[in-house]
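**Q** prediction below, plus the sequence it came from.
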Amino acid sequence: MSALQIHQFPCLSDNFGVLVHDPATGSTVAIDAPEEAAVQAALTETGWHLTDIFITHHHADHVDGVAGLKAAFKPRIVGPRAEAHKIANLDVLVSEGDHLEFAGHKVDIIDTPGHTLGHIAYVIQSHPVVFAGDTLFALGSGRIIEGTAEQMWSSLLKLASLAPETIVYCGHEYTLANGRFAMSVDQDNAHLLQRMTHIQDLRAGGKPTLPTTIREERATNPFLRATAPEVKAAIGMAGESDLAVFAKLRQMKNDFRG
């Protein structure tokens with residue numbers, strides 16, 4: 001089993017596309033398909049041939065390229081069982097507890113509802129890497145659009161429980177804005193201060209801030225730090241439950257204009 005190669009590239013205004021390639025078999029999977037032209041360009045740049053598409057959720061900015069790529073490459077298209085009625089062209093339906101095989105690598109499925117009710121994440125333990133879609137972002141979490149705060153908190157805890165060295169790919173470049181909010185509720189976090197300096201340098205140079213790691217997010221992401229006494233105290237919720245603190249942080253981020 002050969003080591004996987006991963007190529008991340010920008011799509012649309014702030015989305016990321018990701019290609020995962022196995023050099024031994026030539027297999028290549030696209031994680032979501034935000035934009036057909038951008039995925040096609042990435043395949044041309046790498047010289048890889050698309051064999052699979054793994055969809056995290058039904059939103060248009062994650063599936064709009066599926067139909068064109070299906071016609072061009074005839075890939076196997078995998079998506080969330082709970083959103084099969086909302087996503088066209090799916091060949092394989094999956095949910096938590098299911099496993100896929102990609103070029104000899106086992107792919108685990110985690111249900112991560114909250115942003116949408118059927119959102120899923122894909123984990124390849126052999127790398128190790130997680131494709132989190134719009135559930136976990138660098139220094140942030142997805143908006144709760146279809147689900148509840150309880151669902152999203154449970155989803156984030158699942159992702160946070162992955163091995164610390166797990167590499168995290170997310171759906172969007174939101175890190176700088178997320179970081180400004182993080183600083184407003186966790187300003188004494190030395191690790192966060194250091195990370196923000198690095199993020200600002202990356203963005204000033206036009207470079208992406210992703211991927212990140214579970215270790216980095218545990219240390220600096222305010223939503224994963226809803227358990228921390230200092231974060232609870234900073235938002236006036238000392239002694240409150242972790243779920244209540246997360247829900248408050250999520251609402252504060254919705255309203256944040258910093």
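**A** That came through fine. Residues are numbered from 1 along each chain as shown.

**Q** quick one: the strands in the stretch 1-150 of the chain?
**A** Along the stretch 1-150 of the chain, counting by DSSP state E, counting those that start in this stretch, strands occupy 5-11, 15-21, 28-31, 52-54, 76-80, 92-94, 99-102, 105-111, 120-124, 129-131, 136-137, 140-141.

**Q** can I get the second one as CSV, trimmed to CA atoms?
**A** Spelled out, that is strand 15-21. Listed next in CSV are the C-alpha coordinates belonging to strand 15-21 (Å, rounded to 0.1, in the frame of the first residue of the first chain):
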residue,chain,number,x,y,z
ASN,A,15,-13.9,27.0,-1.3
PHE,A,16,-11.2,24.4,-1.4
GLY,A,17,-11.1,21.4,-3.6
VAL,A,18,-9.0,18.4,-2.7
LEU,A,19,-7.6,15.5,-4.8
VAL,A,20,-6.3,12.4,-3.1
HIS,A,21,-4.1,10.2,-5.3
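
**Q** which stretches of the stretch 51-200 of the chain form helices?
**A** With DSSP state H, counting those that start in this stretch, the ranges of helices along the stretch 51-200 of the chain come out as 60-63, 66-73, 149-160, 175-185, 190-204.

**Q** dump those to JSON lines, plus mean pLDDT and mean neighbour count.
**A** For the C-beta atoms, the positions are set from N, CA and C on the backbone; glycine is no exception. As requested, the helices of the stretch 51-200 of the chain are exported to JSON lines (pLDDT from 0 to 100; neighbours: other Cβ atoms under 10 Å):
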{"stretch": "helix 60-63", "mean pLDDT": "98", "mean neighbour count": "19"}
{"stretch": "helix 66-73", "mean pLDDT": "98", "mean neighbour count": "17"}
{"stretch": "helix 149-160", "mean pLDDT": "98", "mean neighbour count": "20"}
{"stretch": "helix 175-185", "mean pLDDT": "97", "mean neighbour count": "20"}
{"stretch": "helix 190-204", "mean pLDDT": "97", "mean neighbour count": "14"}
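
**Q** want to throw the ones you listed into TSV with distance to S27?
**A** Shown next, in TSV, are those (distance: least, Cβ to Cβ, whole Å):
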stretch	distance to S27
helix 60-63	21
helix 66-73	12
helix 149-160	25
helix 175-185	30
helix 190-204	31
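
**Q** so which of the ones you listed gets nearest D134?
**A** Distance to D134, taken as Cβ to Cβ, is lowest for helix 60-63 among those, at 7.6 Å.

**Q** for that closest one, packing partners?
**A** Helices and strands touching helix 60-63, by 3 or more Cβ pairs under 8 Å, 6 or more residues apart in numbering; DSSP states H and E: there are none.

**Q** 10 Å instead, please
**A** In terms of contacts (3 or more Cβ pairs under 10 Å, 6 or more residues apart in numbering; DSSP states H and E), helix 60-63 is packed against strand 15-21, strand 76-80.

**Q** pull out the buried positions in stretch 51-62.
**A** Buried residues in stretch 51-62, counted by 16 or more other Cβ atoms under 10 Å: T51, D52, I53, F54, I55, T56, H57, H58, H59, D61, H62.

**Q** tell me how far it is from the chain's mean position?
**A** Remark: stretch 51-62 is offset 12 Å from the chain centroid, using Cα atoms, centre = their mean, to the nearest Å.

**Q** what is the end-to-end distance of it?
**A** 18 Å (Cα to Cα, to the nearest Å).

**Q** R250: neighbouring residues, count only.
**A** R250 is flanked by 21 other residues according to other Cβ atoms under 10 Å.

**Q** how about the secondary structure of it?
**A** Assigned by DSSP: H, G, I helix; E, B strand; the rest coil, the conformation of R250 is helix.

**Q** for R218, what are its contacts?
**A** Neighbour list for R218: A160, S161, L162, P164, H191, L224, R225, T227 [criterion: Cβ atoms under 10 Å, 6 or more residues apart in numbering].
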